[in-house]
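J.: Model the structure of this input:
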Amino acid sequence: MLKGLHALLECAGGIAIGLIGTDTVSKVVETLTQEELIEDPKDFLAPHLLAWAQGFSVETKHFYAFYLLSYGLVKLFLVAGLLRNRLWAFPASLVVMGLFIVYQFYRFSYTHGWGLIVLSVFDIVVIWLIWHEYRVVRHLDPLKARP
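T.: Next comes the predicted model:
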């Protein structure tokens with residue numbers, strides 16, 4: 001259920017990013033970091049967030065909107081399979097997530113957007129959890145492990 005909720009949040013985030021203008025992102029981050037920068041001009045996080053927001057291009061916006069929405073929809077489909085105890089959903093999830101990670105590293109190779117690395121690390125953790133769950137399910141019910 002948590003995976004499904006996370007997928008819904010990704011879909012909502014993708015739609016929200018698609019609807020929000022890049023200037024709005026800059027203004028929101030400026031508002032959120034302004035007081036911190038006044039208090040501590042040498043703060044580590046605030047200037048990095050501000051630089052990220054100021055470099056938030058239309059291309060970046062479109063990528064994240066598409067990425068979150070498509071990934072969320074795929075995960076909703078796979079979660080539905082997992083909730084219905086369909087054994088195919090486990091390896092399918094592993095393959096799809098692996099492909100997304102490959103694409104994220106490809107994008108990183110020319111954008112150098114560290115958000116892609118964060119997404120990839122998170123996805124690797126989720127892949128490990130799915131693999132672990134798959135092994136448990138196959139062990140508990142060997143009949144399901146047959147093709």
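J.: Spatially nearest residue to the spatially most central residue of the chain (excluding sequence neighbours)?
T.: Compute the mean C-alpha point of the chain, and by C-alpha atoms, centre = their mean the closest residue is residue 119, 5.0 Å away. Take residue 119 and drop its neighbours on the chain: the residue closest to it by C-beta to C-beta, 6 or more residues apart in numbering is residue 104, 5.7 Å away. Bear in mind the C-beta positions are built from the backbone N, C-alpha and C, glycine included.
J.: Check the secondary structure at that neighbour for me.
T.: Look at residue 104: counting by DSSP: H, G, I helix; E, B strand; the rest coil, its state is helix.
J.: and it, what is it in contact with?
T.: Counting by C-beta atoms under 8 Å, 6 or more residues apart in numbering, residue 104 makes contact with 116-117, 119-120, 123.
J.: Quick check: the gap between the nearest residue to residue 20 once chain neighbours are set aside and residue 24.
T.: Once flanking residues are discounted, residue 20 sits nearest to residue 61: 7.8 Å by C-beta to C-beta, 6+ apart. Separation of residue 61 from residue 24 (C-beta to C-beta, to the nearest Å) stands at 10 Å.
J.: Same check on residue 94?
T.: Distance from residue 94 to residue 24, by C-beta to C-beta: 37 Å.
J.: Please say which of the two ends up with more neighbours.
T.: residue 94 (17 against 12; other C-beta atoms under 10 Å).
J.: Kindly export the one helix or strand the more buried one maps to (C-alpha atoms) in CSV.
T.: Residue 94 belongs to helix 89-111 when assigned by DSSP states H and E. Output of helix 89-111 as CSV, limited to C-alpha atoms (Å, rounded to 0.1, in the frame of the first residue of the first chain):
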residue,chain,number,x,y,z
ALA,A,89,5.0,-8.1,-10.9
PHE,A,90,8.2,-8.6,-8.9
PRO,A,91,10.7,-9.2,-11.8
ALA,A,92,8.8,-6.7,-14.0
SER,A,93,9.3,-4.1,-11.2
LEU,A,94,13.0,-4.9,-11.0
VAL,A,95,13.4,-4.5,-14.8
VAL,A,96,11.4,-1.3,-15.1
MET,A,97,13.2,0.3,-12.2
GLY,A,98,16.5,-0.8,-13.6
LEU,A,99,15.7,0.9,-16.9
PHE,A,100,14.7,4.1,-15.1
ILE,A,101,18.1,4.0,-13.3
VAL,A,102,20.0,3.6,-16.6
TYR,A,103,18.0,6.5,-18.0
GLN,A,104,18.7,8.6,-14.9
PHE,A,105,22.5,8.0,-15.2
TYR,A,106,22.3,8.8,-19.0
ARG,A,107,20.6,12.1,-18.2
PHE,A,108,23.1,12.8,-15.4
SER,A,109,26.0,12.3,-17.9
TYR,A,110,25.0,15.5,-19.7
THR,A,111,23.0,17.5,-17.2
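J.: Noted, bye for now.
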